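Asker: Give me coordinates for this.
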Amino acid sequence: MPGPTMQFWQEQFEQGRTLWDRGGVNPQLDDWLASGALSPCRILVPGCGSGYEVVALAQAGFDVTGLDYAPVAIARTRKAVDAAVAKVSLIEADVLAWQHVRSFDAIYEQTCLCALHPDHWRAYADQLWYWLRPHGHLFALFVQFLRPSVADGSIAGPPYHCDITAMRALFFEPRWVWPKPPYPRTTHPAGLDEVAVVLQRRD
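Answerer: Numbers count the residues shown, from 1 in each chain. The predicted structure follows:
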């Protein structure tokens with residue numbers, strides 16, 4: 001399988017090579033919560049990492065499921081959840097294989113897509129669509145990290161650059177409803193940007 005393995009991510013956490021980790025909640029999530037764009041519901045956080053957003057959502061009244069296939073990530077999230085006295089469901093599984101019993105009202109996609117090799121993006125996009133209920137919303141932060149080698153045709157990552165044109169092809173109409181641009185943009189301490197888009201799943 002191309003791209004990073006579970007062992008790769010396990011080692012990143014264990015060895016402290018977590019440059020993607022802000023050390024706290026993404027400010028765009030705070031904006032979505034403050035504006036009411038994202039209100040309490042049943043929500044999934046794939047690739048939950050250290051669990052900052054899982055805890056913030058649980059504290060805001062959401063029914064949260066955190067999903068990650070690196071055991072150390074689930075352990076970190078569980079510790080953060082316990083410390084916050086927040087009630088959530090945590091699942092250690094591969095996002096490309098995990099099946100759910102009940103659909104979610106919303107999904108918060110922040111770092112999972114950009115951590116997957118682009119060869120797996122189509123399968124992951126299909127998973128996101130199946131996990132959501134009809135008319136549910138995908139709150140996505142598409143990483144913008146255009147390394148020089150990408151201009152020559154190389155696939156470099158993680159994180160992998162999520163070009164907005166490629167995202168429109170991946171999350172295509174009529175399966176998804178796209179809002180009109182411009183889209184909010186946040187900066188990251190690691191030197192990358194994230195474009196925030198809220199997509200709605202059609203029937």
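
Asker: G49 belongs to a helix?
Answerer: No. Going by DSSP: H, G, I helix; E, B strand; the rest coil, the assignment for G49 is coil, not a helix.

Asker: what about it, neighbour count?
Answerer: Residues lying near G49 (other Cβ atoms under 10 Å) number 26. The C-beta positions use only the backbone N, C-alpha and C, and glycine is treated the same way.

Asker: Need the single longest strand in the protein, by residues.
Answerer: Criterion DSSP state E: the longest strand present in the chain is strand 132-144.

Asker: which other helices and strands contact the following helix or strand past that one?
Answerer: Going down the chain from strand 132-144, the next helix or strand is helix 164-170, by DSSP states H and E. Contacts defined by 3 or more Cβ pairs under 8 Å, 6 or more residues apart in numbering; DSSP states H and E place helix 164-170 against helix 121-131, strand 132-144.

Asker: now the last one against helix 121-131, angle please.
Answerer: Okay, so that is strand 132-144. Angle, strand 132-144 to helix 121-131, by axes from the mean of the first three to the mean of the last three Cα atoms, to 10 degrees: 140 degrees.

Asker: what comes up buried for strand 132-144?
Answerer: Using 16 or more other Cβ atoms under 10 Å as the test for burial, strand 132-144 gives L132, G136, H137, L138, F139, A140, L141, F142, V143, Q144.

Asker: Please apply the same query to the first one.
Answerer: By neighbour count, and taking 16+ other Cβ under 10 Å as the criterion, the buried residues in helix 121-131 are W121, Y124, A125, Q127, L128, W129, W131.

Asker: which residues touch S154?
Answerer: With contact set as Cβ atoms under 8 Å, 6 or more residues apart in numbering, S154 has these partners: R147.

Asker: if we go to 10 Å?
Answerer: Contact criterion Cβ atoms under 10 Å, 6 or more residues apart in numbering gives R147, P148 as the residues in contact with S154.

Asker: Could you list every helix and strand that the longest helix along the chain packs against?
Answerer: Longest helix of the chain, by residue count under DSSP state H: helix 71-84. Under the contact definition 3 or more Cβ pairs under 10 Å, 6 or more residues apart in numbering; DSSP states H and E, helix 71-84 sits against helix 6-14, helix 52-59, strand 63-68, strand 89-92.
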